[in-house]
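Novice: Just need the structure, nothing else, for what follows:
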Amino acid sequence: MRNESNLLEPRCNVVAIFTPKPEHRDEIRSLLLRITPIVHDEPGCELYAMHEDVEGRFIFVETWTTRDDWTDHVDRQTVKDILTGVEGKLIGEIQVFEMHHLSTGSSGKGSLPWS
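Specialist: Residues are numbered from 1 along each chain as shown. The predicted structure is shown next:
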C-alpha cells in the first residue's frame, strides 16, 4: 500500500531507463550526452546523472528540488528533443520511476548523499 505522506517531501528523485535497440545505441548515447548539460541548467535540477549499465541501457538518476521542478522539466524542450530522438529506436517504452526518500538507519547509509 502506498503511503501518501511520503509525497509531502519536497525533493523529488527520479530514475529513467532507456533501452535502445542495439543498432541505435550509439546514436541514442550521443543524443543523451548532448542534452544532459542543458538539463543541468534547468531550474530545480540538483542531479541529472547519466549511466550506462552492462546490458547497454541508459539510466538517469535525477534529483529535483521539488516535484513541480520535475514536472516542469518533463514539459521542456529538452525532453521533447529526447522523445523525438528516441522515437522508434527503443526496445519498449522509457521506464520512469518517481521516488520520494524514506529515511532508514542512523549512519547515513540509508540516504543518497544529496537527499
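
Novice: Once you drop chain neighbours, what's closest to I17?
Specialist: Q95 (4.2 Å; CB to CB, 6 or more residues apart in numbering). Glycine gets a C-beta too; all of them are placed from N, C-alpha and C.

Novice: How about I59?
Specialist: For I59, the spatially nearest residue (CB to CB, 6+ apart) is H51, at 4.6 Å.

Novice: Now do the phi/psi pair for the one you found.
Specialist: phi -130, psi 160 (degrees, to the nearest 10).

Novice: Tell me the helix or strand right after the helix or strand where D69 lies.
Specialist: Element membership of D69 [criterion: DSSP states H and E] is helix 67-74. Toward the C-terminus, helix 67-74 is succeeded by helix 77-86 as the next helix or strand (DSSP H and E).

Novice: Can you name every helix or strand that that following helix contacts?
Specialist: Here helix 77-86 touches helix 25-40, going by 3 or more CB pairs under 8 Å, 6 or more residues apart in numbering; DSSP states H and E.

Novice: Quick one: residues in contact with the helix it packs on.
Specialist: Under the criterion CB atoms under 8 Å, 6 or more residues apart in numbering, residues 18, 20, 45, 48, 50, 52, 56, 58, 60, 73, 78, 81-82, 85-86, 89-90 lie in contact with helix 25-40.

Novice: Work out the gap between it and the centre of the chain.
Specialist: Distance of helix 25-40 from the chain centroid (CA atoms, centre = their mean, to the nearest Å) equals 13 Å.

Novice: residues contacting H24?
Specialist: For H24, the contacting residues are V86, K89, L90, by CB under 8 Å, 6+ apart.

Novice: wait, what's in contact with the last one?
Specialist: Going by CB under 8 Å, 6+ apart, L90 touches F18, T19, P20, K21, H24, I28.
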